[in-house]
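Participant: 3D, please:
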Amino acid sequence: MARKFWYLDRMDEEPGLRERKKLATRQALSRAAVRLAVERGLENLLVEDIAAAAGVSPRTFNNYFSSKAEAITAPQVDRARRLAVEVRRRPRGESLWAAILEAAEAQYGVYAEPEAEWTAGVRLVLSEPALIGEFHRAGSAVERELAEAIAERTGTSVEQLYPRLVAASVGAAIQVATDRWVHTTPPVPLTPLVREAISQVAAGLPEPTTARPREQARP
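Facilitator: Here you go, the predicted structure:
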């Protein structure tokens, strides 16, 4: 599948008009997919319905997403991808866990109280087997991107256990924090929950003091 995350790779650049239009179309399609899936149920939702609601053709939909499941899970996946981008942007003098915490706060700090539409979308993703499968499929690629960023900062290889364990643990921590945020009544801010969850993980996975030799690939 063609890479469609051009706006994540050039975060330091001011996007041009064409890029802004593409991003707006992608977001409109994703929002329409979430809203209609919540209203009608995933099994009753067609790609044509999503395209019509966003004011584009089904062909345009296919330029951005390969399925309705991908469109619905896109906000969560994109948010996770941006975390990896943010980790890469952090100052090299920062410790790994400080970089991860600051990157997470930059990414999730814009959310105060859960929005009804976003909450409904998260609950839908967590309840539909087809969406869970799509989210985990895309999440594997996202997790590797974060592991690569972690490996770069620690002088290790992405094939070693440490960067992959850290990436998986950070993803799990954010998922737990988000789940609590969505379901807590009265609403609570998301950022402190994410910071607390990652901090607890960090306490059990200290940064390696020296780069470890690359493991030999198994036959």
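Participant: could you say what helices and strands whichever strand or helix holds A168 packs with?
Facilitator: Using DSSP states H and E, the element containing A168 is helix 161-183. Here helix 161-183 touches helix 68-89, helix 96-108, helix 116-127, helix 129-154, helix 190-204, going by 3 or more CB pairs under 8 Å, 6 or more residues apart in numbering; DSSP states H and E. From N, CA and C alone the C-beta is placed, and that goes for glycine too.
Participant: Contact partners for the residue nearest in space to the middle of the chain?
Facilitator: Central residue of the chain (CA atoms, centre = their mean): A80, 1.9 Å from the mean position. Residues counted as contacts of A80 (CB atoms under 8 Å, 6 or more residues apart in numbering) are 139, 142-143, 146, 171, 174.
Participant: Likewise for S67?
Facilitator: S67 neighbours (CB under 8 Å, 6+ apart): 47, 134.
Participant: roughly how far apart are it and T73?
Facilitator: 10 Å (CB to CB, to the nearest Å).
Participant: overlap in contacts of these two?
Facilitator: Common neighbours of S67 and T73 (CB under 8 Å, 6+ apart) are E134.
Participant: What about the closest residue to A99 other than its chain neighbours, how many residues nearby?
Facilitator: Distances taken as CB to CB, 6 or more residues apart in numbering place R90 nearest to A99, at 3.8 Å, with adjacent residues excluded. R90: 19 surrounding residues under other CB atoms under 10 Å.
Participant: Next up, the contacts around R90.
Facilitator: With CB under 8 Å, 6+ apart, R90 has these contacts: 98-99, 102-103, 153.
Participant: sorry, back to before: mean pLDDT lowest where, among the helices and strands packed on helix 161-183?
Facilitator: Lowest mean pLDDT of the helices and strands packed on helix 161-183: helix 116-127, a mean of 69.
Participant: Quick check: which element contains V38?
Facilitator: helix 17-40.
Participant: Remind me what that helix packs against, helices and strands.
Facilitator: Checking 3+ CB pairs under 8 Å, 6+ apart, helix 17-40 ends up next to helix 6-9, helix 47-54, helix 58-64, helix 68-89, helix 116-127.
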